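*Asks:* Predicted model and sequence follow; I will ask about them next.
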Amino acid sequence: MRIHIIISLFCICFLSLKVVAQERLPYTNPNLYREDLDNARKVVEGLERDGNTTTLNAYWNVCYGDVLVVEQNLKNQDREWENASLAKELLDIVKYLEEYDYMLDSLSTVVSRMVDVIFDHPRLKLKMLEFELLLLHRIDSPSDDDLNIIEDVKDEILYYRCNIDRANQGDFDKIEGKSFLKQDPVEWSIDYENIIDEANKKVYSLLEGHPRGMGFCFIYWRTKSRILLEDYGIKWESPAEMNPHVMFD
């Protein structure tokens, strides 16, 4: 009788281990990042934002997925029109998670990574930089590296504030760049920022299936320029037009 019980318990344990082994950990396969993020969103749907560890981890999974999907979009040169919405989702959640000190280091990391991959949205980027600075100031006993990062973030915030103010006042000729490559200052305007995701979605739809190899940037820029002008009345010059002496491929 005792032997049968032991054997039964062993079988139950073995089957339990087998089930656990079959469950895939999220965000381990880049090809499934988007699916994992969708699953993470379903977990937090209707979930009250309290201090329960399970709840905090569930919302953290959404934040982490947001960053991974945005980074993947840039790498694949695809669906970049959704990146700003993912950044806004992350920013909304980290403002809740920031209440819990033990999460500050992790939150600072994901916000920093998102800041690095958000383009065409200077006002959104400024909000994320300001929140990154808040997180850095909240970290106890910052290292020398942390202190250096704080100064760098402060400089970035000043840069974005100045250029946004100039754009808001229509002083586009006073907008400063930080690269040797020039960009069309219209990209700092609120009008451009408000419609660029919708415009990019149209561009990617038109270029669906087109190889993302050498020369793709020129096709993308031509299509983008046409869509911005025809659909939104915004005249935009591509990096190639802004930098005629630079070779792009």
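*Replies:* Looks like it arrived, so ask away.

*Asks:* got a list of what residue 178 touches?
*Replies:* residue 159 (CB atoms under 8 Å, 6 or more residues apart in numbering). Glycine gets a C-beta too; all of them are placed from N, C-alpha and C.

*Asks:* mind exporting the helix or strand containing residue 62 as CSV, just the C-alpha atoms?
*Replies:* Using DSSP states H and E, residue 62 falls within helix 53-76. The C-alpha trace of helix 53-76 is given here as CSV (Å, rounded to 0.1, in the frame of the first residue of the first chain):
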residue,chain,number,x,y,z
THR,A,53,4.0,41.4,-5.7
THR,A,54,2.1,39.4,-8.3
THR,A,55,0.4,42.5,-9.6
LEU,A,56,3.6,44.5,-9.8
ASN,A,57,5.4,41.7,-11.7
ALA,A,58,2.4,41.4,-14.1
TYR,A,59,2.6,45.1,-15.0
TRP,A,60,6.4,45.0,-15.2
ASN,A,61,6.0,42.3,-17.9
VAL,A,62,4.1,44.8,-20.0
CYS,A,63,6.8,47.4,-19.6
TYR,A,64,9.5,45.1,-20.5
GLY,A,65,7.6,43.8,-23.5
ASP,A,66,7.0,47.4,-24.7
VAL,A,67,10.7,48.0,-24.9
LEU,A,68,11.5,44.7,-26.6
VAL,A,69,8.9,45.2,-29.3
VAL,A,70,10.0,48.8,-30.0
GLU,A,71,13.6,47.7,-30.3
GLN,A,72,12.6,44.8,-32.6
ASN,A,73,10.5,47.2,-34.8
LEU,A,74,13.6,49.4,-35.3
LYS,A,75,15.8,46.4,-36.0
ASN,A,76,13.4,45.0,-38.6
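
*Asks:* residues in contact with the next helix or strand after that helix?
*Replies:* Where DSSP H and E defines the elements, the next helix or strand beyond helix 53-76 is helix 83-97. By CB under 8 Å, 6+ apart, the list of residues contacting helix 83-97 from outside reads 49, 56, 59-60, 62-63, 66-67, 69-70, 73-74, 103, 107, 110-111, 114, 117-121, 124, 127-128, 131, 135, 197.

*Asks:* Going through those residues, which ones are buried?
*Replies:* Applying 16 or more other CB atoms under 10 Å to the contacts of helix 83-97, the neighbour count classes 56, 59-60, 62-63, 66-67, 69-70, 73-74, 103, 107, 110-111, 114, 117-118, 120-121, 124, 127-128, 131, 135, 197 as buried.

*Asks:* if we can go back for a sec, the helix holding residue 62: how far from the chain's middle?
*Replies:* Computed by CA atoms, centre = their mean, to the nearest Å, the chain-centroid distance of helix 53-76 equals 9 Å.

*Asks:* relative to helix 83-97, how tilted is that helix?
*Replies:* Helix 53-76 runs at 160 degrees relative to helix 83-97, counting by axes from the mean of the first three to the mean of the last three CA atoms, to 10 degrees.

*Asks:* State the mean pLDDT of helix 53-76.
*Replies:* When pLDDT is averaged along helix 53-76, the result is 96.

*Asks:* residues making contact with it?
*Replies:* Counting by CB under 8 Å, 6+ apart, 26-27, 30, 33-34, 36-37, 40-41, 43-44, 47-49, 79-80, 82-83, 86-87, 89-90, 93-94, 96-97, 100, 103, 106-107, 110, 113-114, 117-118, 212 sit against helix 53-76.
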